[in-house]
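[1] Fold the stuff below for me.
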Amino acid sequence: MTEPVRFSGIPISTVRDRRRQGRPGVRQRTTAPDCPRCGGAISDESSYAYLLGLYLGDGCISRHPRAFRLRIVLDAHYPSIIYQAMEAMAAMRVPTPGRVNLLDRGGCVEISAYWQHWPCLFPQHGPGRKHSRNILLVPWQARIAAAHPQMLLRGLIHSDGCRVTNRVWGGKYSYPRYFFTNRSADIMEIFGRACLALGVGYRNSKPDTISIARRKDVAALDSFIGPKT
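    Numbering: from 1, shown residues only. Here you go, the predicted model:
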């Protein structure tokens, strides 16, 4: 047996495993996919919806020799948001979470993690800036977005949105207001659909900006977003 193996160039271990297939009492090695999409379904859909919002706003995926790298850039002044982003990124790799890296970029923080399966979770990955190409949710993403619109909006606001105090009449009257700004018409539409799912009214104050100012709508967003911290 050793001569044919040596001349064919096939490793002995490969031939041994092949011969053992189907033999009773021999335990076969199986490799369960560690990707929640390749292996079945995402267990923590709430965290995924939040991470999807962050990715659509300020995230990108790049190819590296051995894996893909997901990066999300956030304002360094909001440690609570940074922590939530790191938790959501790590939650995608349960039960074997990988390392989530944190890099100070001076005024902003880059959160990143290496993994072969990031494009499986974010099929919107592709060449060019998001606003220069179509950004459409695939059916399974649309289902999660419809089931968790609060977390999707939370991620979108935490990345490309803000809550401000609007002052009028020379500062005599003020009220809170939310803004979401993005150059992608598709991402703006995703934001709008999530608002409509919750009954939150909005308007386009600019072609790339959505404004939410009515008291009841602001109160609805405050119930699960609120000021950035």
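[2] so where's the chain uncertain?
    The model of the chain has pLDDT under 70 over residues 1-40, 97, 169-171.
[3] Tell me where it has helices.
    For the chain, the helices defined by DSSP state H cover 2-8, 12-20, 45-58, 79-91, 118-121, 139-147, 149-160, 185-197, 215-222.
[4] could I get those as TSV with distance to T229 and mean neighbour count?
    C-beta: built from backbone N, CA, C; applies to glycine. TSV is the format used below for the helices of the chain (distance: least, Cβ to Cβ, whole Å; neighbours: other Cβ atoms under 10 Å):
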stretch	distance to T229	mean neighbour count
helix 2-8	63	9
helix 12-20	54	11
helix 45-58	15	24
helix 79-91	4	18
helix 118-121	27	20
helix 139-147	25	15
helix 149-160	10	25
helix 185-197	21	18
helix 215-222	13	15
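[5] do you know which of those lies nearest D104?
    Judged by Cβ to Cβ, the one of the helices of the chain that comes nearest to D104 is helix 79-91, at 10.7 Å.
[6] one step back: next, format the helices of the chain as TSV and append distance to F179.
    Below are those laid out as TSV (distance: least, Cβ to Cβ, whole Å):
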stretch	distance to F179
helix 2-8	66
helix 12-20	59
helix 45-58	13
helix 79-91	16
helix 118-121	28
helix 139-147	21
helix 149-160	9
helix 185-197	11
helix 215-222	11
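[7] so which of the ones you listed comes closest to T209?
    Proximity to T209 (Cβ to Cβ) singles out helix 185-197 among the helices of the chain, at 8.7 Å.
[8] Give me the helices and strands touching that closest one, please.
    With contacts defined as 3 or more Cβ pairs under 8 Å, 6 or more residues apart in numbering; DSSP states H and E, the packing partners of helix 185-197 are helix 45-58, helix 139-147, helix 149-160, strand 209-212.
[9] So for F224, which of those sits nearest?
    Here helix 149-160 is closest among those (Cβ to Cβ), at 4.5 Å.
[10] list the helices and strands the closest one packs on?
    Judged by 3+ Cβ pairs under 8 Å, 6+ apart, the packing partners of helix 149-160 are helix 45-58, strand 68-75, helix 79-91, strand 173-181, helix 185-197.
[11] nearest to V100, of the ones you listed?
    helix 79-91 (4.9 Å).
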